[in-house]
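Undergrad: Model the structure of this input:
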Amino acid sequence: MAPISVIVHGARGRMGQECLRTLARDPAVEVVGAVDVVPGGETLPLPDGARSVPYSTSLERLLSRCAAQVVVDFSVAEAAVAMARVAVPRDVRPVIGTTGLSEKDLGTLDALSREHGVGILLVPNFALGAVVLTYLVRQAARFFEYADIFEAHHEAKIDAPSGTALAIARAIAEEKRFKRPVPQKEPLAGTRGGDYNGVAIHSTRMPGRLAHHEVVFGAPGQTLTLRHDTLSRECYMPGLLLAVKEVVKRRTLVIGLEEVLGLH
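TA: Below is the predicted model of the structure:
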């Protein structure tokens with residue numbers, strides 16, 4: 001069976017470089033091109049130095065030079081949606097790891113996928129432990145009426161709260177509203193965090209962090225805490241490879257790896 005041909009969109013970023021390194025090592029995948037906003041030459045050396053691939057600042061121009069089945073995106077929300085508008089009509093399946101997409105963006109991706117019958121995998125977090133965390137909190141949510149989410153990331157993360165924190169909030173509060181105590185006095189506005197259907201979301205950003213998500217459920221006389229810690233970017237790579245190999249089988253928009261892993 002021929003390897004799956006992949007373009008990496010956002011290839012010069014830290015996650016993009018980790019993706020290139022991982023994809024180049026898998027015999028079931030072939031990196032055929034790279035895109036980033038940073039100007040460069042016509043080719044980009046792969047991190048292992050074994051070879052170079054076609055490079056461009058425009059996905060549209062790159063697709064005129066090379067054929068691909070999948071484009072992996074680690075850029076920013078606006079660029080991810082623009083990428084999908086170019087890729088999907090050309091039968092190139094996006095795997096999007098970029099966070100910060102709005103509900104309107106999700107609607108755009110869903111419409112693109114349905115119109116062209118091309119699969120899109122939108123993955124807020126490729127870490128398999130984070131996917132399992134989301135599954136577990138969904139199971140626990142029905143037994144509690146109070147919930148807070150605490151997430152911590154490095155200082156360079158551009159969105160807050162994280163896409164994973166929002167995905168967790170949607171998973172546990174999409175069918176009911178949690179109770180959210182409101183203080184009689186709030187000397188510092190925003191101290192109680194963001195509000196998603198009564199679930200408070202608290203974000204911190206500082207050096208020394210990578211990605212950490214903790215969900216605390218409360219009930220009279222007890223709390224339940226579930227937490228996942230990301231210690232290095234290599235934890236995302238098994239999930240990324242799984243997504244690349246799965247998206248070619250899909251014809252609709254799928255959000256998260258829960259369905260792929262059979263976690264319903």
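Undergrad: Tell me where the stretch 1-150 of the chain has strands.
TA: 4-9, 29-35, 43-45, 52-56, 70-73, 93-96, 120-122, 146-153 (DSSP state E, counting those that start in this stretch).
Undergrad: Now render those strands as TSV, adding mean pLDDT and distance to residue 227.
TA: Any C-beta I mention is one placed from the backbone N, CA and C, and that applies to glycine too. Shown next, in TSV, are these (pLDDT from 0 to 100; distance: least, C-beta to C-beta, whole Å):
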stretch	mean pLDDT	distance to residue 227
strand 4-9	97	31
strand 29-35	96	32
strand 43-45	94	37
strand 52-56	96	38
strand 70-73	97	28
strand 93-96	97	25
strand 120-122	97	24
strand 146-153	98	9
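Undergrad: now the ones you listed as TSV including distance to residue 178 and mean neighbour count?
TA: What follows is the strands of the stretch 1-150 of the chain, written out as TSV (distance: least, C-beta to C-beta, whole Å; neighbours: other C-beta atoms under 10 Å):
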stretch	distance to residue 178	mean neighbour count
strand 4-9	37	26
strand 29-35	41	23
strand 43-45	47	17
strand 52-56	47	19
strand 70-73	32	27
strand 93-96	28	28
strand 120-122	25	25
strand 146-153	5	22
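Undergrad: would you list those in CSV and tack on distance to residue 83?
TA: Listed next are the strands of the stretch 1-150 of the chain as CSV, based on distance: least, C-beta to C-beta, whole Å:
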stretch, distance to residue 83
strand 4-9, 5
strand 29-35, 8
strand 43-45, 17
strand 52-56, 12
strand 70-73, 6
strand 93-96, 7
strand 120-122, 11
strand 146-153, 23
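Undergrad: For residue 199, find the nearest of those strands.
TA: strand 146-153 (4.8 Å; C-beta to C-beta).
Undergrad: For the closest one, which outside residues touch it?
TA: 141, 160-162, 164-165, 168-169, 172-173, 178-181, 193, 198-206, 209-219 (C-beta atoms under 8 Å, 6 or more residues apart in numbering).
Undergrad: what's the distance between the residue nearest to residue 15 when sequence neighbours are not counted and residue 204?
TA: Distances taken as C-beta to C-beta, 6 or more residues apart in numbering place residue 74 nearest to residue 15, at 4.0 Å, with adjacent residues excluded. Distance, residue 74 to residue 204, by C-beta to C-beta, to the nearest Å: 22 Å.
Undergrad: More neighbours: which of these two?
TA: residue 74 (26 against 12; other C-beta atoms under 10 Å).
Undergrad: Wait, that one touches residue 10, no?
TA: Yes. With contacts counted by C-beta atoms under 8 Å, residue 74 reaches residue 10, the gap being 4.2 Å.
Undergrad: what do those two both touch?
TA: 16, 98.
Undergrad: how about residue 121, what does it touch?
TA: Residue 121 makes contacts with 93, 94, 95, 96, 243, 246, 247, 250, 254, 257, 260, as judged by C-beta under 8 Å, 6+ apart.
Undergrad: Now render those as a markdown table, adding distance to residue 53.
TA: Converted to a markdown table, those look like this (distance: C-beta to C-beta, whole Å):
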| residue | distance to residue 53 |
| --- | --- |
| 93 | 18 |
| 94 | 18 |
| 95 | 17 |
| 96 | 20 |
| 243 | 20 |
| 246 | 23 |
| 247 | 20 |
| 250 | 25 |
| 254 | 27 |
| 257 | 26 |
| 260 | 27 |
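Undergrad: Many thanks, have a good one.
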